[in-house]
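Peer 1: Below are the sequence and a predicted model; questions follow.
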Amino acid sequence: MSAVVEFGDHLAIAPEVREALASGVPVVALESTIISHGFPYPTNVECALEAERVARAAGAVPATIAIIGGTLTVGLSGDQIEHLASAGPAGVEKASRRDLAVLVARGADGATTVAGTMAVAAMAGIRVFATGGIGGAHRGAAASFDISADLLELARTEVAVVCAGAKSVLDLGLTLEVLETHGVPVLGYRTDEFPAFYTRTSGHGVDARFETAEEIADVLRARHELKLGGGTVIANPIPKEYEIETELLGRWIDEALAEADAIGVHGKEVTPFLLARLHELSVGVTAEANKQLVYSNVALAAAIAKAL
């Protein structure tokens, strides 16, 4: 990818991405937390580069987003991806919306979460974003109010998020209630159920089902023309061949949750801890499933961006 050229005081857009946006070529935003916090090195590099390759193969320009040296960077170079991957959680902060200004002011590096990526994508004019799964309401959130900033970002920022639902370690019913309260539509791609990341079903429905990327693009276009504001969740179930059996996954999750509680893991550290333990407990099965659902989401996001 081309070197990044500064655009404004704090936002830098890679020339390839900037030119694509100016000429109407489809662009898909990609997050960077999955690079620094999602997988161990060098698997994280391989996953990031493969996600970009999938986007290109599907006819879209990938725009991986992160904070590099205090600059909101849209379209990372290979060296920048390598830097985030090798530095890992110890060297790179997770960056949600609330963290962006702090990291910019400090000249620091940050790996953007769903909320952080959405915010920066909107600044750059990118309308479609592919991730693994969105954050949500944690179990017990009715008492703890532990609800991901991703949901509030979806309420305010007009970016469509293609995901494999939300992770099954969350309270999916409450997650969907929060989205409904904030007027965020949840569209199912060839599914009537909201997927639960590693599994294709959750027992919870979506707001509407669509069979093609073009139909979804029509909804996004209508929302924009009606000036409704806010984002859209596009739920794309994990490819069937990589789905994990629900009962087995449940046992792994229960064990990981018990361990997190026993050692006092809480707040924003819970999800990365659980994912890491699931990777260990499953002997890599969940890691492979995670990669494959990301690639599937990137391909669908590229198709929707093309249709727009």
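Peer 2: Sure, I can see it. Residues are numbered from 1 along each chain as shown.
Peer 1: Please parse the protein into its domains.
Peer 2: The chain breaks down into these domains under automatic domain parsing: 1-126, 132-308.
Peer 1: Could you look over these and pick the most buried one?
Peer 2: Most buried of these by mean neighbour count (mean count of other CB atoms under 10 Å) is domain 1-126; its value is a mean of 20. C-beta here means a position set from N, CA and C on the backbone, and glycine is covered the same way.
Peer 1: Was I right to think Glu193 contacts Gly205?
Peer 2: Yes: with contact defined as CB atoms under 8 Å, Glu193 counts as touching Gly205 (6.1 Å).
Peer 1: which residue ranges form the strands in the stretch 151-300 of the chain?
Peer 2: Using DSSP state E, counting those that start in this stretch, the strands found in the stretch 151-300 of the chain span residues 160-163, 186-189, 208-210, 232-235.
Peer 1: Redo those as JSON lines? Include distance to Val104 and mean pLDDT.
Peer 2: Listed next are the strands of the stretch 151-300 of the chain as JSON lines, based on distance: least, CB to CB, whole Å; pLDDT from 0 to 100:
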{"stretch": "strand 160-163", "distance to Val104": "23", "mean pLDDT": "98"}
{"stretch": "strand 186-189", "distance to Val104": "32", "mean pLDDT": "98"}
{"stretch": "strand 208-210", "distance to Val104": "38", "mean pLDDT": "98"}
{"stretch": "strand 232-235", "distance to Val104": "28", "mean pLDDT": "98"}
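Peer 1: for the ones you listed, which one sits closest to Gly284?
Peer 2: Comparison of those against Gly284 by CB to CB identifies strand 160-163 as nearest, at 22.1 Å.
Peer 1: name the helices or strands packed onto the closest one?
Peer 2: Other elements packing on strand 160-163 under the criterion 3 or more CB pairs under 8 Å, 6 or more residues apart in numbering; DSSP states H and E are helix 114-124, strand 128-130, strand 232-235, helix 285-307.
Peer 1: partners of it in the sheet?
Peer 2: Pairing partners of strand 160-163, with direction, according to DSSP bridges: strand 128-130 (parallel), strand 232-235 (parallel).
Peer 1: Can you add distance to Ser77 and give the ones you listed back as TSV?
Peer 2: Listed next are the strands paired with strand 160-163 as TSV, based on distance: least, CB to CB, whole Å:
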stretch	distance to Ser77
strand 128-130	20
strand 232-235	28
